[in-house]
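# pasting the structure only:
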């Protein structure tokens, strides 16, 4: 282990540090957050990928021993751990990069090199995080409390990476769940309708799924509409439109509010259509009895109740797709939408 040190983000004041997966007024920013993905030679869709590229290129400032992050998640951990173990991170670069993609965007593609190994590692971290700490978005003081997660995982992750099968009892339950749902999409058992002009993918599934299966074919799309039996629906804006990805242009986030009004006029179930704000990391449009917490929304769809609507499936899919087609009819995709631009677009609508 190198003589590097993880610094709690709230203590980064006067000392130059490497900031992973977040923003700060000073230091080397290695982040895909809007306004942070600013180094053309090391750019990547994920913060972890940016760090891996910086290590590979010996980017200026990469040897700073002080490292910090605003929160704990898989993508951020990949970047932080890689700075502590740069040589090993380069040996397993494809695995580490796939961990960042699966963890942040939930885009599991087992055809990608290292993806299967990465999935096992992601499931391991997910299981230990839930068992020994708190679930993602389960604490309001994440910026402070995430430190204990980093201090735990940084020194012990090397052993898990090198001897992953020895930890099978920890990762196998979620791994098999994700693989099972992945195969349902990959085999065509669950039909998928793509609307590339609006960046939306619609999946007709027989039951709610694990996110790593549900989003497994959504690379290149920023909105996923899930349609289940008995008129049960969810529409989610992926995290890809909250950050600055560089592999492709995107359309800006559009608020669900105008669509909510229309849906609630049509809805006769007694429940209410609800959606999170445009600046939420992953806004979900869904029929609600009681509004979900952030932690509940971040959890897999299999872990929350999805209520039946009185709106017909064909009508619902048409309403949603027509809404976005109208919203985007004068907007062209581009890279690096700013929050100011997104707010102005939504205000004009």
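Structure received. Just so we're clear, the structure is a prediction, and the values are computed from it rather than from any experiment.

# which stretches of the chain have low pLDDT?
Low-confidence segments of the chain (pLDDT under 70): 1-2.

# in the stretch 51-200 of the chain, which spans are strands?
66-69, 192-195, 200-204 (DSSP state E, counting those that start in this stretch).

# what about those strands, which gets the closest to residue 18?
strand 66-69 (4.9 Å; C-beta to C-beta). Using the backbone N, CA and C atoms, a C-beta is placed for each residue, glycine as well.

# Remind me what the closest one packs against, helices and strands.
If you count contacts as 3 or more C-beta pairs under 8 Å, 6 or more residues apart in numbering; DSSP states H and E, strand 66-69 packs onto strand 5-6, strand 18-20, helix 74-84.

# and of the ones you listed, who's closest to residue 60?
That would be strand 18-20 among the helices and strands packed on strand 66-69, by C-beta to C-beta, at 11.4 Å.

# contact partners of the closest one?
Outside strand 18-20, the residues that touch it by C-beta atoms under 8 Å, 6 or more residues apart in numbering are 9, 12, 27-31, 47, 51, 61-62, 64, 66-70, 76, 79-80, 83.

# Show the buried residues in these.
9, 12, 27-31, 47, 51, 62, 66-70, 76, 79-80, 83 (16 or more other C-beta atoms under 10 Å).

# Just list whatever residues bridge to residue 227.
Beta-bridge partners of residue 227, counted by DSSP bridges, are residue 204, residue 233.

# can you tell me which residues contact it?
202-205, 233, 313, 316-317.

# out of these, what pair is the most spread apart?
205 and 316 (14.3 Å).

# which helix of the chain spans the most residues?
Ranked by number of residues, the top helix in the chain under DSSP state H is helix 142-162.

# For that helix, which residues meet the burial criterion?
Quick answer for helix 142-162 (16+ other C-beta under 10 Å): 142, 145-147, 149-150, 153-154, 157, 160-161.

# same deal with stretch 176-184?
177-179, 181-182, 184.

# I'd like the residues you listed as TSV, with distance to residue 138 appended.
Formatted as TSV, those follow (distance: C-beta to C-beta, whole Å):
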residue	distance to residue 138
177	20
178	21
179	26
181	24
182	26
184	29
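
# In which helix or strand does the spatially closest residue to residue 181 that is not a sequence neighbour reside?
Counting by C-beta to C-beta, 6 or more residues apart in numbering, residue 181 lies nearest to residue 213, which is 2.6 Å off, once chain neighbours are set aside. Using DSSP states H and E, residue 213 sits within helix 211-214.

# what sits up against that helix?
With C-beta under 8 Å, 6+ apart as the criterion, helix 211-214 contacts 102, 106, 108, 119, 178-185, 203, 205, 224, 226, 300-301.

# Next, report how far that helix is displaced from the centre of its chain.
11 Å (C-alpha atoms, centre = their mean, to the nearest Å).

# Leaving out sequence neighbours, find the closest residue to the spatially most central residue of the chain.
By C-alpha atoms, centre = their mean, the chain has its centre lying nearest to residue 104, at 3.0 Å. Nearest residue to residue 104, sequence neighbours excluded (C-beta to C-beta, 6+ apart): residue 75, at 4.1 Å.

# is it true that the one you found touches residue 103?
Yes. Residue 75 is within contact range of residue 103, at 5.1 Å (criterion: C-beta atoms under 8 Å).

# the more surrounded of these two?
residue 75 (29 against 25; other C-beta atoms under 10 Å).

# who are the neighbours in contact with that one?
21, 46-48, 99-100, 103-104.

# And for residue 158?
Residue 158 touches 85, 88, counting by C-beta under 8 Å, 6+ apart.
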